[in-house]
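Undergrad: mind folding the following:
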Amino acid sequence: VDVDYDDREITIDAIAEHNEAIVSGTGLKNLKVGLNEFEIEVNKNGIRRKYIVKVTRDGSHNANIINITSDLGEVEKISDTKYKLTVANEVSEILSRNIQVQTEDNKATVSKQSRIDLNETKTYKIRVTAEDGITSKEYEIEINNDKNTNANLKSLSVTGYEINPGFSSDEEDYTVEVLD
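TA: Residues are numbered from 1 along each chain as shown. Presented below is the predicted three-dimensional model:
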């Protein structure tokens, strides 16, 4: 008998042909994922006959992700299967160790690209396969380089003194006159 993952228990009933025979091994049975074997025994005056009931419980169909994180920046969820990661402009590749994935079902398996070159592609792919080995989902992270290279000062002052020329974020050389 094959049952779905959501079926965590079954009830086995059996009735002997002879009304004086004793049947054992029936009742409520807990199911683990995979093959479960239950022995039903009929005993009539010391003569025993055994029956085996085999029940296969499917694995979970859950291939969902709870969270994706990266040591290169904040990962933002865009939709159920789409994410976005903005990395520093000098980052040229994403390695599998840079991306961490947490699944809803800890028995699901995660497959990640080992490496992508950001000069060739801007999409990092992740596949999650559910415990059943059949159900899977593909997730994509769009990688963007942070183009903000603004290394300008917003303000500059020297306490108690005036700087010349007056502050401008485009100016790099200033003079401060200190009098005796």
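Undergrad: from here on, contacts and neighbour counts on C-alpha atoms
TA: OK.
Undergrad: remind me what the helix or strand of the chain with the lowest mean pLDDT packs against, helices and strands.
TA: Least confident helix or strand, the chain: strand 163-164 with a mean of 88, by mean pLDDT, DSSP states H and E. If contacts are counted by 3 or more C-alpha pairs under 8 Å, 6 or more residues apart in numbering; DSSP states H and E, strand 163-164 sits against strand 175-176.
Undergrad: what lines up beside the strand it packs on in the sheet?
TA: Paired strands of strand 175-176, with direction, are strand 163-164 (antiparallel) (DSSP bridges).
Undergrad: who touches the strand it pairs with?
TA: Ser157, Tyr174, Thr175, Val176, Glu177 (C-alpha atoms under 8 Å, 6 or more residues apart in numbering).
Undergrad: kindly recompute the last result at 7 Å.
TA: Residues outside strand 163-164 that contact it (C-alpha atoms under 7 Å, 6 or more residues apart in numbering): Ser157, Tyr174, Thr175, Val176.
Undergrad: how about the CA coordinates for stretch 5-18, as CSV?
TA: Extracted as CSV, the C-alpha positions of stretch 5-18 are listed here (Å, rounded to 0.1, in the frame of the first residue of the first chain):
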residue,chain,number,x,y,z
TYR,A,5,3.5,12.0,3.1
ASP,A,6,0.6,13.6,5.1
ASP,A,7,-0.6,10.2,6.2
ARG,A,8,1.4,9.7,9.5
GLU,A,9,-0.6,6.7,10.7
ILE,A,10,-2.9,4.0,9.5
THR,A,11,-5.3,1.6,11.2
ILE,A,12,-5.0,-2.1,10.4
ASP,A,13,-8.1,-4.3,11.0
ALA,A,14,-8.1,-8.1,10.5
ILE,A,15,-10.7,-10.8,11.2
ALA,A,16,-9.9,-14.4,11.4
GLU,A,17,-11.9,-17.0,9.5
HIS,A,18,-12.4,-19.1,12.6
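Undergrad: list the buried residues in it.
TA: Tyr5 (16 or more other C-alpha atoms under 10 Å).
Undergrad: what's the answer for stretch 83-96, then?
TA: Buried residues in stretch 83-96, counted by 16+ other C-alpha under 10 Å: Tyr83, Lys84, Leu85, Thr86, Val87, Glu93, Ile94.
Undergrad: that concludes my questions; thank you for your assistance.
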